[in-house]
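Engineer: Sequence and predicted structure below; questions after.
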Amino acid sequence: MALYHFSVKILSLSSRNTVRALAYRAGCKLYDERTGQTFNYEDKPVQHVELALPKDAPSWAREIQELMRVDRQKGVQAFCDRVESAEKRIDAQVYREFEFALHRELTDEQNIALAREFVEDQICQHGMAAQLNFHFDVDEKTGEAKPHCHVMVTTRRLEENGLSSKKERDWNKREFLCELRVKWEEYSNFHLKLPGHDIQIDHRSHKELGIEMEPQPKLGRGVREQEKRVQKLEGGERTSFVTDKVKAFHDVQLRNLYRILRNPEVVFDIVTKHHATFMWGDVQKILHRYVDGGELFQRLDARLRNSKELLLLKMEGVRDQEGRIEERTIYTTHSMLKTEKELVGTAEGLAACHTHDVSADSLEKGLSHIQEKLKEREARLSEGQEQAIRHLVEPGQLKCIVGYAGAGKTTALEACREIWETEGYKVYGLAPTGMAAQNLEGSGIFSQALHKFLKSFEEGRYQYSDRSILVLDEAGMVNV
């Protein structure tokens, strides 16, 4: 099940050795010119490291990027030396670190492509360099993959002869960081949909979603190992906790367990946060997160299986390679079904409202004009494209078309835009990511990322009228 984790922190000289921090995240051996120390983390498994840069990056940065590609050790050392030499204060903020969870559903290559696109679009475009360190870890206890990425971002812009003498303070604004959290959700869901995964992540907290569960604090490896060492020294009979972090972890775990005992159906709320339909293994994974195996787990599992909220959609068995029958029963919840029925009802109501019509004359002139444009390129509208154009400009407040890659969707939307504008309508484009919005603009429609539009609309900074038309591209990748 895809997880959402996205955190930001500052790495400064006042709190740690930043060369050591970079060496640990990159799995490299680095020399610190300031202290004369060498930090060696070559034994730490770090599967991939690369440097992302702005499109107009200076030549010296491009050289470091290429060096890192062919020789990680030398490339990371060169990047480290450049960044560290720009800092003179003993309490300087050297890196801004973004850490986010990658997705088990994607391959390593797909996760790398996702992180690279996000960082280049949303971080490097502001003039910063960012070193991406990919850790494809496996949980020692459960055997589950725990892929994640540490992105070390400079706190100064890149200039022709080095890093800027001024720090970028706007990055400390809460609004900017909140926007990046939303952007990561959008990019992740887009990339999860591309290979066909019916799953999504949500940046909102359980509290914002109305789920009565506390977020579980994270226990670092160092804290866990410290706890184990003390227990071993005391013969494994210690009943108190060594650190406040471990105590806080167990306190939250206990409170969440009480919540599940009081209302087991909260597990369904967490599962359907990610996808509308699920198999029983998805339920058990969430339950295992809060309840250890044993009799209590079995009792809660049985209560959930007999819950009135659970709804069986499909029961089937699939034979595996060894001839055994594997159950693949599909469930949803009555609450989710009600929500989706309401959504369908709203869509049908909008489609039945016959507004935003165009004249037959504008339609035919628009089709003729786009045919003339295509004729210059020795092309013409296909039958499917013409049907799509006629469908979209027919009266109605909601229309939908499905266009596969290369089917000519951009050309069809360009024709629709011209027809609508001839009739005096104002056309706006929306897409789940900035990159998708740029692609939509190929049809001549001014476009922006969906979350940015929604935020502006909620703040009253956009005033739409009955002469406005919204085009949502890649609608199937949007979290509804």
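Structural biologist: Perfect, I can see it now.
Engineer: What distance do you get for the closest residue in space to residue 470 that isn't next to it in sequence to residue 289?
Structural biologist: Nearest non-adjacent residue to residue 470, counting by Cβ to Cβ, 6 or more residues apart in numbering: residue 428, 5.3 Å away. C-beta: built from backbone N, CA, C; applies to glycine. Applying Cβ to Cβ, to the nearest Å, the value for residue 428 to residue 289 is 41 Å.
Engineer: what number of residues lie near residue 358?
Structural biologist: By other Cβ atoms under 10 Å, 19 other residues sit near residue 358.
Engineer: Kindly list the main-chain dihedrals of it?
Structural biologist: Backbone geometry at residue 358, expressed as degrees, to the nearest 10, gives phi -130, psi 160.
Engineer: wait, doesn't it sit right on residue 390?
Structural biologist: No - the criterion here is Cβ atoms under 8 Å, and residue 358 misses it with residue 390 at 10.2 Å.
Engineer: list the buried ones in stretch 169-183?
Structural biologist: For stretch 169-183, burial by neighbour count (16 or more other Cβ atoms under 10 Å) applies to 171, 179, 180, 181, 182, 183.
Engineer: contacts for it?
Structural biologist: Stretch 169-183 is contacted from outside by 6, 8, 96, 98, 118, 122-123, 126, 155, 203, 433-434, 449, 451-452, using Cβ atoms under 8 Å, 6 or more residues apart in numbering.
Engineer: try it again with 7 Å
Structural biologist: Stretch 169-183 has contacts (Cβ atoms under 7 Å, 6 or more residues apart in numbering) with 6, 8, 96, 118, 122, 203, 451.
Engineer: follow-up on the earlier one: take the buried residues of stretch 169-183 and write them to JSON lines, including pLDDT and distance to residue 368.
Structural biologist: Converted to JSON lines, the buried residues of stretch 169-183 look like this (pLDDT from 0 to 100; distance: Cβ to Cβ, whole Å):
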{"residue": "171", "pLDDT": "86", "distance to residue 368": "51"}
{"residue": "179", "pLDDT": "87", "distance to residue 368": "43"}
{"residue": "180", "pLDDT": "92", "distance to residue 368": "46"}
{"residue": "181", "pLDDT": "92", "distance to residue 368": "47"}
{"residue": "182", "pLDDT": "88", "distance to residue 368": "43"}
{"residue": "183", "pLDDT": "89", "distance to residue 368": "41"}
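Engineer: Please narrow these to those residing in helices.
Structural biologist: In this view, those that belong to helices under DSSP state H are 179, 180, 181, 182, 183.
Engineer: Closest one to residue 39 out of those residues, please.
Structural biologist: Of all those, residue 39 sits closest to residue 180, with 29.0 Å by Cβ to Cβ.
Engineer: low pLDDT regions in the stretch 251-400 of the chain?
Structural biologist: Applying pLDDT under 70 to the stretch 251-400 of the chain picks out residues 317-321, 323-327.
Engineer: can you give me the helices in it?
Structural biologist: Taking DSSP state H, counting those that start in this stretch, the helices of the stretch 251-400 of the chain run over residues 266-272, 280-290, 295-305, 334-352, 360-376, 383-393.
Engineer: in the fifth one, what's buried?
Structural biologist: For helix 360-376, burial by neighbour count (16+ other Cβ under 10 Å) applies to 362, 363, 366, 367, 370, 374.
Engineer: Ok, the third one next?
Structural biologist: Residues of helix 295-305 classed as buried by neighbour count (16+ other Cβ under 10 Å): 300, 301, 304.
Engineer: Please state the offset of that helix from the chain centre?
Structural biologist: Here the centre of helix 295-305 is set off from its chain's centre by 32 Å, with Cα atoms, centre = their mean, to the nearest Å.
Engineer: Now residue 12. Nearest residue, chain neighbours left out?
Structural biologist: residue 93 (4.5 Å).
Engineer: Run through the helices of the stretch 101-250 of the chain in chain order.
Structural biologist: Taking DSSP H, counting those that start in this stretch to define them, one finds helices in the stretch 101-250 of the chain at 108-122, 174-193, 221-233, 244-262.
Engineer: Quick check: which of the helices of the stretch 251-400 of the chain is nearest to residue 45?
Structural biologist: helix 280-290 (24.9 Å).
Engineer: What lies in contact with the closest one?
Structural biologist: By Cβ under 7 Å, 6+ apart, helix 280-290 touches 1, 253, 256-257, 260, 267, 270-271, 297, 300-301, 304, 329.
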